[in-house]
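# sequence plus the predicted model coming up.
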Amino acid sequence: MIQAGVSGSVSVSFRKYNGDPANLSYRGGSVQQRDAFVGDACTGEEIDQFSIALDGLTRSRVNVQQRTMLHPGYRDDVLVAFPGPVIYCIVANDSTAGQTAQSFAQAFLVDAAKQHMPKSVRSAIVDDLSDDVIGLDAFVAHDSLLDVEIDNRQTLGFDTIIVEDAPKNEFVVGDLELSPGKLPKLVKASEFELGRVDRTLTLGNVEEWTLAAFTEGHPFHKHVNPVQIGSSIDPDTGIDVSKFDSGSVYAGLSGQWKDTVFLPTNLFGAPYVVTIRTHYRRYIGTFVLHCHILDHEDFGMMQVLEVKMPTAPGAGGHGAHGH
Ligand SMILES: [Cu+2]
């Protein structure tokens, strides 16, 4: 499933259709009318979805989810086992959790590995898939950065600033001022400017970035090298919601690779503090990061980055990361 970035976030679930099949023809109408239709007819339990990849990057293990959260720019590859040949609804909202079909998804993946994997790796892959958590480690394209020494840190914040009597609001990107025990503050914020390089990076470096969105959530999207999610701290509870057992819609993201990461806020616009790591592996030159809500990007929520050789003027040195 792909959310291209031209509407808001959606959470997708699959439920059995229990209404009259004669009522299935397309019906336009208000959101309330559609919600009423779904509430009357799509009353089956939510079916488990087994997520194997995020933004096309394989997860380290399968994540079992009843809802797939698709923020602008997100892609999620899921396996779904429909329990029987009846009509199902694809529903974009919240509901109660459904029953588990884990054994079906697991058996499907194990069978596929037995048939298609080369002999030299087959038994290791089958063992990993047969584990309770359905491990996919052999398919993860990048070595984890979470335990390696980092060369540099960056901070980044997104905010929408309402400007009275102006033709448009300001869509800014800046740095964060971080102080222990306090929420981050957005500093040095500005809109995109053609010809300006906002960050100079060094080839070979591993960096940790601390990210936050203010006022409302924004999906952070960086080109070229993917990012590995470290943590995402809820401003109200201090809990890392990216851990597998957090019970949150953000559960299971820690340690996974993506190129679009949603930066949530709480109801009052206070930011979750998200950390990611990234490695400038091969590419030298300029590229961009931006909010993946495309209207925000077009209105200025974008920065230009440049990766330079470690020996180039203005590069930060280091750059000999040996892994
Ligand atoms: Cu945005």
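Looks like it came in fine.

# so which residues on the stretch 101-250 of the chain come close to the ion?
Near the ion, the residues belonging to the stretch 101-250 of the chain are His218 when assessed by Cβ under 5 Å from the ion. (C-beta placed from N, C-alpha, C; glycine too.)

# looking at the stretch 101-250 of the chain, which residue is nearest the ion?
His218 (3.4 Å; Cβ to the ion).

# what pLDDT is listed against that residue?
pLDDT, His218: 96.

# assign Ile52 to helix, strand or coil.
Following DSSP: H, G, I helix; E, B strand; the rest coil, the label given to Ile52 is strand.

# that one contacts Asp77, doesn't it?
Yes: checked against Cβ atoms under 8 Å, the pair Ile52 and Asp77 is within contact range at 5.4 Å.

# re the thing from before, beta partners for the residue of the stretch 101-250 of the chain closest to the ion?
Residues in a beta bridge with His218, per DSSP bridges, are Leu263.

# separation between it and Gly5?
When distances are taken as Cβ to Cβ, to the nearest Å, His218 and Gly5 turn out to be 11 Å apart.

# with Gln33 instead?
When Gln33 is compared with Gly5 (using Cβ to Cβ), they lie 27 Å apart.

# more neighbours: those two, which one.
Counted by other Cβ atoms under 10 Å, Gln33 and Gly5 do not tie: Gly5 has more neighbours, with 19 against 11.

# what about that one, distance to His296?
Applying Cβ to Cβ, the value for Gly5 to His296 is 10 Å.

# Gln33 now?
Counting by Cβ to Cβ, the gap between Gln33 and His296 amounts to 30 Å.

# quick check: pLDDT value at Ser95.
Predicted confidence (pLDDT) for Ser95: 36.

# now the one 3 residues further on
According to the prediction, Gly98 has pLDDT 34.

# what's the answer for Gly238, then?
Per-residue confidence (pLDDT) for Gly238: 91.

# so for stretch 297-310, what gets flagged as buried?
297, 299-308 (16 or more other Cβ atoms under 10 Å).

# any residues in contact with both of His218 and Gly5?
Applying Cβ atoms under 8 Å, 6 or more residues apart in numbering, one finds that His218 and Gly5 are jointly contacted by Ile293.

# how far away is the residue of the stretch 101-250 of the chain closest to the ion from His292?
As defined by Cβ to Cβ, His218 lies at a distance of 8 Å from His292.

# so Phe171 sits in a strand?
Yes: counting by three-state DSSP, Phe171 falls inside a strand.

# that one pairs with what?
Listed beta-bridge partners, Phe171: Thr160 (assigned using DSSP bridges).

# so what does the spatially most central residue of the chain have for phi and psi?
Centre of the chain computed as the mean C-alpha position; nearest residue by Cα atoms, centre = their mean is Val261, 3.9 Å away. Listed backbone geometry of Val261 is phi -130, psi 120, with angles given as degrees, to the nearest 10.

# so who does it touch?
With Cβ under 8 Å, 6+ apart as the criterion, the residues that contact Val261 are 211, 219-221, 227, 229, 274, 276.

# now do the helices in the stretch 1-150 of the chain.
In order along the chain, the stretch 1-150 of the chain carries the following helices (DSSP state H, counting those that start in this stretch): 31-41, 102-116, 119-130.

# make CSV out of those helices and add distance to Pro72 and mean pLDDT.
Output for those, formatted as CSV (distance: least, Cβ to Cβ, whole Å; pLDDT from 0 to 100):
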stretch, distance to Pro72, mean pLDDT
helix 31-41, 19, 78
helix 102-116, 27, 86
helix 119-130, 32, 93
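
# so which of these gets nearest Gly269?
Of all these, helix 31-41 sits nearest to Gly269, with 24.2 Å by Cβ to Cβ.

# which among the helices of the stretch 1-150 of the chain is found nearest to Pro184?
It is, among the helices of the stretch 1-150 of the chain and with distance given as Cβ to Cβ, helix 31-41, at 35.0 Å.

# other SSEs contacting that closest one?
Packing contacts for helix 31-41, counted by 3 or more Cβ pairs under 8 Å, 6 or more residues apart in numbering; DSSP states H and E, involve strand 88-92.

# which of the residues in the strand it packs on are buried?
Buried positions in strand 88-92, judged by neighbour count with 16+ other Cβ under 10 Å: 88-89, 91.

# including distance to Val148 and secondary structure, could the contacts of Val261 go into a markdown table?
Shown next, in a markdown table, are the contacts of Val261 (distance: Cβ to Cβ, whole Å; DSSP: H, G, I helix; E, B strand; the rest coil):
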| residue | distance to Val148 | secondary structure |
| --- | --- | --- |
| Leu211 | 19 | strand |
| Pro219 | 26 | strand |
| Phe220 | 22 | strand |
| His221 | 24 | strand |
| Val227 | 14 | strand |
| Ile229 | 15 | strand |
| Val274 | 19 | strand |
| Ile276 | 14 | strand |
